[in-house]
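>>> Please work out how this folds:
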Amino acid sequence: MKSRILLFIISVLVSSCISVETCDEDSSSVLVTKFKTLKDEIPTDSVVSALTLYGIREGMPDSLLYNSFSTSRFEVPLNPHQDFSSYVLQIGDQFDTLKVTHHQEIYMISYTCGFGNLFTIENVENSNAMIKSYTIVKDMVDAANEENEEHIWLYL
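Residues are numbered from 1 along each chain as shown. Take a look at the predicted model:
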């Protein structure tokens, strides 16, 4: 009987030392872009009535990220396999292609969560006149995005 009690106490002590660690962190890096307009040379927030957004990856079919969405901002993943990410934006009946050139580094978040991508935005290009200009507000994009963090402002 004493050996069973001793065995039970040892098993409880051993099982209490083993902890299951879960990953509460998000390891995906997303680019946050906000629409702006210039009023008296001052940037002001702008809401687009119908945003449709496609991600473009070479050799893969285009992926629909937003469809007819009324918004003032959008969040998109960056391409970890290339040094650029491309998107097609449609607002109403106007189209524009957005190309974000970036540099990527991989860093360890934690043993449980694994690795994350740290992107540094180098340049932004667009193909049509819908987007008049841009400002890179924060050039570092990583998995630890703050709640109100913005990386690029697009001026319409």
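
>>> And the residue nearest the centre of the chain?
Against the mean C-alpha coordinate of the chain, by Cα atoms, centre = their mean, the closest residue is residue 30 at 0.6 Å.

>>> Apart from its neighbours in sequence, what residue is nearest it?
Spatial nearest neighbour of residue 30, chain neighbours left out: residue 75 (4.5 Å); criterion: Cβ to Cβ, 6 or more residues apart in numbering. Every residue, glycine included, has its C-beta placed from N, CA and C.

>>> what pLDDT, on average, does the helix or strand harbouring that neighbour get?
Taking DSSP states H and E as the definition, residue 75 sits inside strand 73-77. Strand 73-77 shows a mean pLDDT of 87 in the predicted model.

>>> what comes up buried for it?
Under the neighbour-count criterion of 16 or more other Cβ atoms under 10 Å, strand 73-77 has 73, 74, 76, 77 buried.

>>> and which of the residues you listed is nearest residue 128?
residue 74 (17.4 Å; Cβ to Cβ).

>>> So the closest one sits against residue 47, correct?
No - the pair residue 74 / residue 47 is not scored as a contact, 11.8 Å apart, by Cβ atoms under 8 Å.

>>> measure the nearest residue to residue 49 once chain neighbours are set aside to residue 91 for me?
The shortest distance from residue 49 to any non-neighbouring residue, by Cβ to Cβ, 6+ apart, is to residue 70 (5.3 Å). Per Cβ to Cβ, to the nearest Å, residue 70 is found 10 Å from residue 91.
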